[in-house]
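Q: Model the structure of this input:
(chains A and B)
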2 protein chains.
Amino acid sequence: MTPEAAGGARSRRGRPGYDQASVLRIATDVFNRRGYEGTSMDHLAKELHLSKSAIYHHVDSKEELLHHALSTSLDALTAMMDDVESSPGDSITRLRRVIERSVEVLLEHLPSVTLLLRVHGNSPVEIEALRRRRELDHRLADMVRAAARDDAIRRDIDPALVSRLLFGMVNSLTEWYRKDESGDPSRIAGAIALIAFDGLAR
Amino acid sequence: MTPEAAGGARSRRGRPGYDQASVLRIATDVFNRRGYEGTSMDHLAKELHLSKSAIYHHVDSKEELLHHALSTSLDALTAMMDDVESSPGDSITRLRRVIERSVEVLLEHLPSVTLLLRVHGNSPVEIEALRRRRELDHRLADMVRAAARDDAIRRDIDPALVSRLLFGMVNSLTEWYRKDESGDPSRIAGAIALIAFDGLAR
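A: Residues are numbered from 1 along each chain as shown, chains lettered A, B, ... in the order given. As a prediction, this is how the structure comes out:
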């Protein structure tokens, strides 16, 4: 199979070496670096070393690129959450698991998650992404609520607040994580769980 | 004294009701809503109900507005940190204090801090803001390191990682805090300290 054929129908007319996935990956990085609103199709063309018309062989618009870029992390987070919710174990086990798995998904799809967390809601694509993100937030808060109901975590803090703070720690990864410097995902997931459940005090 | 005279020299020629502080406040909100790169002087003029030339009576450029907007929170955070570092008490007391005071400063200057946390580094003003932010991060990490050295917090997590996660919780406020809904600052600061030091587990 030629690289062009492997890239699927839409990329067949693209420049060799660029399938839709590569265009998407590079576009996501440019959006994160310049801000989505600060990125024009001209910027993308320059970074991709393609003409604008060559980009339009891959996607119809900058907003379609944004849609695909955001779907990468939203789909992965949704699948992970489905998986954890239907997994065996009690509520506290599931809460620990969703923290650990969230760290994994964030680091696996870091550019897409970073973009997701910076979406402003200026367009229908962004508004829909924010809606899906809010739905995930509600499911996380439900898991915290279940653990509080089972008396497995302290009940003197509102579960919605606990959920926001826990995933504030997790999401901060998009701000500071650097591959090759910040340590492996399981070490970070372990540190978050240790702080969250056992605390720092000695 | 007329409102114009109270607004200072630069605003004297501005439209009544707009001193430089008001222009700055509204501009910061627009930058947060649209993204700095996505905001043009035309957008600002429209939101301020001013002509572009009227805005130029207040500031020389969009970048000057960004500089002032970011300085608001950077100056407040720096002053708070100076204050905590020179305050009495042991290292763990100072660490608790810097968490609580950070929450206060964040909520007092929420729009400016939100903007600061989203800066991309596309211009000299942004690069300088990121440099100041990094300096604050180093001072926070030093406080965590001091508490670990004094054996006041657990030592099985790298202090730099602890610092990033703690302030990941604090900074997440810019993502979800809504006045009138999220509760008062001291309750939030208390919840963060409780999770961070004592943990959620029962």
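Q: Residue A:179: neighbour count?
A: 8 (other Cβ atoms under 10 Å in any protein chain shown). Where C-beta positions appear, they are placed from N, C-alpha and C, glycine not excepted.
Q: Just say helix, strand or coil for it.
A: Following DSSP: H, G, I helix; E, B strand; the rest coil, the label given to residue A:179 is coil.
Q: can you pull out the helices in chain A?
A: All helices of chain A, identified by DSSP state H, fall at A:3-6, A:20-34, A:41-48, A:52-55, A:62-85, A:91-108, A:110-117, A:124-149, A:159-171, A:173-176, A:185-193.
Q: Residue B:139 is nearest to which of those?
A: Between residue B:139 and the helices of chain A, the tightest spacing by Cβ to Cβ is seen for helix A:173-176, at 15.6 Å.
Q: quick revisit: what would the helices of chain A look like in a markdown table with mean neighbour count, mean pLDDT and distance to chain B?
A: Shown next, in a markdown table, are these (neighbours: other Cβ atoms under 10 Å in any protein chain shown; pLDDT from 0 to 100; distance: least, Cβ to the nearest Cβ, whole Å):
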| stretch | mean neighbour count | mean pLDDT | distance to chain B |
| --- | --- | --- | --- |
| helix A:3-6 | 12 | 42 | 33 |
| helix A:20-34 | 19 | 92 | 6 |
| helix A:41-48 | 16 | 94 | 10 |
| helix A:52-55 | 15 | 90 | 19 |
| helix A:62-85 | 18 | 97 | 12 |
| helix A:91-108 | 20 | 96 | 8 |
| helix A:110-117 | 22 | 96 | 7 |
| helix A:124-149 | 17 | 96 | 8 |
| helix A:159-171 | 23 | 95 | 3 |
| helix A:173-176 | 19 | 94 | 5 |
| helix A:185-193 | 19 | 94 | 5 |
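Q: you'd agree residue A:176 is up against residue A:182?
A: Yes. Contact criterion Cβ atoms under 8 Å: residue A:176 and residue A:182 qualify, at 7.1 Å.
Q: so who does the closest residue to residue A:139 other than its chain neighbours touch?
A: Spatial nearest neighbour of residue A:139, excluding adjacent residues (Cβ to Cβ, 6 or more residues apart in numbering or on different chains): residue A:81 at 5.5 Å. Contacts for residue A:81 (Cβ atoms under 8 Å, 6 or more residues apart in numbering or on different chains) come out as A:98, A:136, A:139, A:140.
Q: which of these sit farthest apart?
A: A:98 and A:136 (10.2 Å).
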